[in-house]
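Visitor: Need a 3D model of the sequence below.
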Amino acid sequence: MAANAFFAELGQDALQAIAGLCRMRSVARHEILFQKGDPGDALYAIRRGQIRIATGTEDGRSVTLNLLGPGDVFGEIALLDGHARTAEAIALETTDLFVIDRRDFLELLAHDAALAARIIGFLCRRLRWMSERMEEATLLPLDARLARRLVMLSEDYGAEIQVTQQELAAYVGAARESVNRVLQDWRRSGIIDLGRSRVHVKVAPRLAALGAPSRL
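Guide: The predicted structure follows:
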């Protein structure tokens, strides 16, 4: 828990208190952890595995909001405001989770004002992150959006990224065929290498330059 940005800034006493609330849960590959509209009754932290956060429409269209791995925390908004989940969480592989129930977490916050203030700060950073994603979707061309996502994923998971082109397409809000064309151009240029459900980032600085803010 101390390695996670959500918990790391809370201090040792808070970490020990939160650890005492945790229980473990494992989900199988492709298992749905929760769906849009489900009660926000728990906070999750990934110990091992990968979770896709997505939302969609009744006609079957889906958008990937985030891909999360070990150390990432999610489910905090519905946990704190008590409203229904605004997205779904699906395991992309067998995943082990730390789980904190809403009732226990709110009781802890009620008795620790400093901890509550840090949680507010964390939520503000999440809102800024979502605002940046909306800006990208509105202003950046596909290649820049895709470059940013691959750079972000490589920072989290290393140069060898286990992700399908369909997942990348949903992540950047584009057709899989369009994403494939960009990836193939980058492969021919030596920036990346491609495999089955895999993208290997070979020249990260060039990829980062493709997604640079100056391209807005």
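Visitor: show me where the protein has helices.
Guide: 5-8, 12-19, 76-81, 102-110, 113-139, 142-157, 165-172, 176-188, 204-210 (DSSP state H).
Visitor: can you redo those as a markdown table with mean neighbour count?
Guide: For every residue, glycine as well, the C-beta is placed using N, CA and C. Formatted as a markdown table, the helices of the chain follow (neighbours: other CB atoms under 10 Å):
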| stretch | mean neighbour count |
| --- | --- |
| helix 5-8 | 16 |
| helix 12-19 | 14 |
| helix 76-81 | 18 |
| helix 102-110 | 14 |
| helix 113-139 | 13 |
| helix 142-157 | 20 |
| helix 165-172 | 20 |
| helix 176-188 | 16 |
| helix 204-210 | 16 |
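Visitor: out of those, which comes closest to Leu33?
Guide: helix 76-81 (12.5 Å; CB to CB).
Visitor: Packing partners of the closest one?
Guide: Helices and strands touching helix 76-81, by 3 or more CB pairs under 8 Å, 6 or more residues apart in numbering; DSSP states H and E, are strand 42-48, helix 102-110, helix 113-139.
Visitor: what about it, distance to the chain center?
Guide: Centre-to-centre, helix 76-81 and its host chain are 16 Å apart (CA atoms, centre = their mean, to the nearest Å).
Visitor: Restrict it to CA atoms and write it as PDB.
Guide: Only the C-alpha atoms of helix 76-81 are listed here, as PDB (Å, rounded to 0.1, in the frame of the first residue of the first chain):
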ATOM      1  CA  GLU A  76     -13.300   6.200  -4.900                       C
ATOM      2  CA  ILE A  77     -15.900   8.600  -6.300                       C
ATOM      3  CA  ALA A  78     -19.000   6.300  -5.800                       C
ATOM      4  CA  LEU A  79     -17.500   5.200  -2.500                       C
ATOM      5  CA  LEU A  80     -17.500   8.700  -1.100                       C
ATOM      6  CA  ASP A  81     -20.700  10.200  -2.600                       C
END
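Visitor: Need the residues that contact it.
Guide: Applying CB atoms under 8 Å, 6 or more residues apart in numbering, the external contacts of helix 76-81 come out as 6, 39-43, 84-86, 102, 105-106, 119, 122-123, 126.
Visitor: which of these lies closest to Leu68?
Guide: When those are compared against Leu68 (criterion: CB to CB), the nearest one is Phe6, at 11.5 Å.
Visitor: how's the protein carved up into domains?
Guide: With domains defined by the TED database, the chain comprises 6-137, 140-211.
Visitor: For the longest one, the averaged confidence score.
Guide: Summarised as a single mean, pLDDT over domain 6-137 is 82.
Visitor: Pull the contacting residues for the nearest residue to Asp72 once chain neighbours are set aside.
Guide: Counting by CB to CB, 6 or more residues apart in numbering, Ile46 is the residue found nearest to Asp72 once chain neighbours are left out, at 5.1 Å. Taking CB under 8 Å, 6+ apart as the criterion, Ile46 is in contact with Leu68, Gly69, Pro70, Gly71, Asp72, Val73, Phe74, Thr95, Asp96, Leu97, Phe98.
Visitor: Distance of the last one relative to Met152?
Guide: In this view, Phe98 and Met152 are 23 Å apart by CB to CB, to the nearest Å.
Visitor: Over to the fourth one?
Guide: Taking CB to CB as the measure, Gly71 and Met152 are separated by 14 Å.
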